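In: everything below, folded, please.
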Amino acid sequence: MNPADLPDAVVRAVRCAVESGELGADAVVPERVVVERTRPGGVGDYATPVAFQIAKAAGRAPGEVAGVLARRLGGEPGIESVEVTGPGFVNFLLPPPSAPRIVSEVVGQGAGLRAAAPALDLDLELRERVVRESVLRILRCQAGGDRQDGPGRFPVAPLAKRDGDVVRRYGLGAARWAMLCVPVRETPEFSERLLVQGEENEFFRVRYAHARSRALLRNAAGLGFGPEPGEVDAPALLRVLAEHRLVLEAAGHHRAPERLARYLVELADALLDFQYRVLPHGDEKPSAAHRARLALAEAAGAVLAGGLALLGIDAPEHL
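Out: Alright, predicted model coming up:
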């Protein structure tokens with residue numbers, strides 16, 4: 001099971017428990033539940049506080065509700081184990097992600113990784129317009145590009161007057177990144193670090209990781225082989241890729257493009273660590289393992305390019 005499938009699985013479990021009478025007729029089935037990665041030192045891979053969301057209407061303690069849901073979810077295909085922690089959190093342990101499945105999902109999404117630029121009121125303050133454009137792109141991406149309504153009203157902190165013309169000073173891409181990488185209620189900060197082409201600059205790292213994925217494909221073609229999905233031992237990169245849809249859903253729901261920006265940094269770092277294993281070394285001949293690693297690197301690059309596009313930032317082939 002992909003982490004992004006967990007919210008739907010939880011909603012199904014709640015619905016079945018209500019219909020069977022386990023949670024009482026007054027319990028309300030939520031349209032959406034929160035599922036997030038557990039914090040360091042926590043139990044399992046992911047957790048949801050859904051029991052707190054429905055306990056009052058069900059007339060039960062959150063821990064009891066969580067126990068009911070854990071029993072049902074424990075039998076769900078693709079979930080390795082379910083455990084209740086604290087006063088009512090439901091924690092999930094998933095099997096290791098499958099590289100062929102991850103690559104297939106990314107390829108299947110295709111153009112759905114991006115969305116057309118929305119037309120917004122040009123009289124909006126610059127940062128508010130940039131934030132709203134990105135949120136609407138993210139929402140449209142999840143709706144297959146068909147969503148036409150706006151993201152609704154939500155507060156956006158404007159740029160500080162002291163920063164002046166940030167687009168002219170830092171360039172459009174870097175300025176957008178600075179505006180989108182912090183929570184929308186916080187005032188973004190600008191510094192000369194945005195212009196540094198080095199690892200201390202997250203904006204550079206994300207775009208550089210995409211450029212490296214394209215370079216790997218070009219170099220592999222020069223060696224006479226191309227990408228072909230297969231099993232790959234790359235737990236860090238696979239885990240981050242598996243969370244792509246979950247991150248997009250949360251970024252859209254919370255009107256929080258900074259969640260996508262943080263995710264892209266994490267994905268870029270995982271890909272940059274992985275890149276050295278993709279191509280053959282020395283007299284080594286290209287093998288099925290190299291083709292599978294190349295396919296995984298290509299998928300990571302596609303997600304990086306799509307994520308940057310949702311933020312209104314280009315993803316260069318060379319950097």
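In: where does this protein have low pLDDT?
Out: Within the chain, the set of residues satisfying pLDDT under 70 comprises 110-122, 143-151.
In: can you show me the strands along it?
Out: Remark: strands assigned in the chain by DSSP state E are 36-37, 46-48, 81-85, 89-93.
In: can you list contacts of the second one?
Out: For strand 46-48, the surrounding residues in contact (Cβ atoms under 8 Å, 6 or more residues apart in numbering) are 3, 6-7, 10, 33-38, 85, 89-92, 94. For every residue, glycine as well, the C-beta is placed using N, CA and C.
In: report how many residues lie close to Glu105.
Out: 18 (other Cβ atoms under 10 Å).
In: check Ala305 too.
Out: 21.
In: likewise for Ala236?
Out: Look at Ala236: counted by other Cβ under 10 Å, it has 13 neighbours.
In: which residues does the closest residue to it other than its chain neighbours contact?
Out: Spatial nearest neighbour of Ala236, excluding adjacent residues (Cβ to Cβ, 6 or more residues apart in numbering): Ala270 at 4.9 Å. Applying Cβ under 8 Å, 6+ apart to Ala270 gives the contacts Ala236, Leu237, Val240, Ala300.
In: make it 6 Å
Out: By Cβ atoms under 6 Å, 6 or more residues apart in numbering, Ala270 lies in contact with Ala236, Leu237, Val240.
In: let's have the residues you listed in TSV, adding distance to Glu133.
Out: Listed next are the contacts of Ala270 as TSV, based on distance: Cβ to Cβ, whole Å:
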residue	distance to Glu133
Ala236	31
Leu237	29
Val240	25
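In: the residue nearest to Leu124 when sequence neighbours are not counted and Val166: what is the separation?
Out: Nearest residue to Leu124 in three dimensions, chain neighbours excluded: Arg132, at 7.0 Å (Cβ to Cβ, 6+ apart). Distance of Arg132 to Val166, computed by Cβ to Cβ, to the nearest Å: 17 Å.
In: tally of neighbours for the closest residue to Val196 other than its chain neighbours?
Out: Spatial nearest neighbour of Val196, excluding adjacent residues (Cβ to Cβ, 6+ apart): Phe204 at 6.7 Å. Neighbour count of Phe204, defined by other Cβ under 10 Å: 20.
In: touching, Phe204 and Gln197? I think so.
Out: Yes: between Phe204 and Gln197 there is a contact at 5.3 Å, judged by Cβ atoms under 6 Å.
In: okay, now the nearest residue to Asp26 once chain neighbours are set aside: neighbour count?
Out: Spatially, and ignoring its direct neighbours in sequence, Asp26 is nearest to Ala57 (5.3 Å; Cβ to Cβ, 6+ apart). If you count neighbours by other Cβ under 10 Å, Ala57 ends up with 14.
In: good, we can wrap up now.
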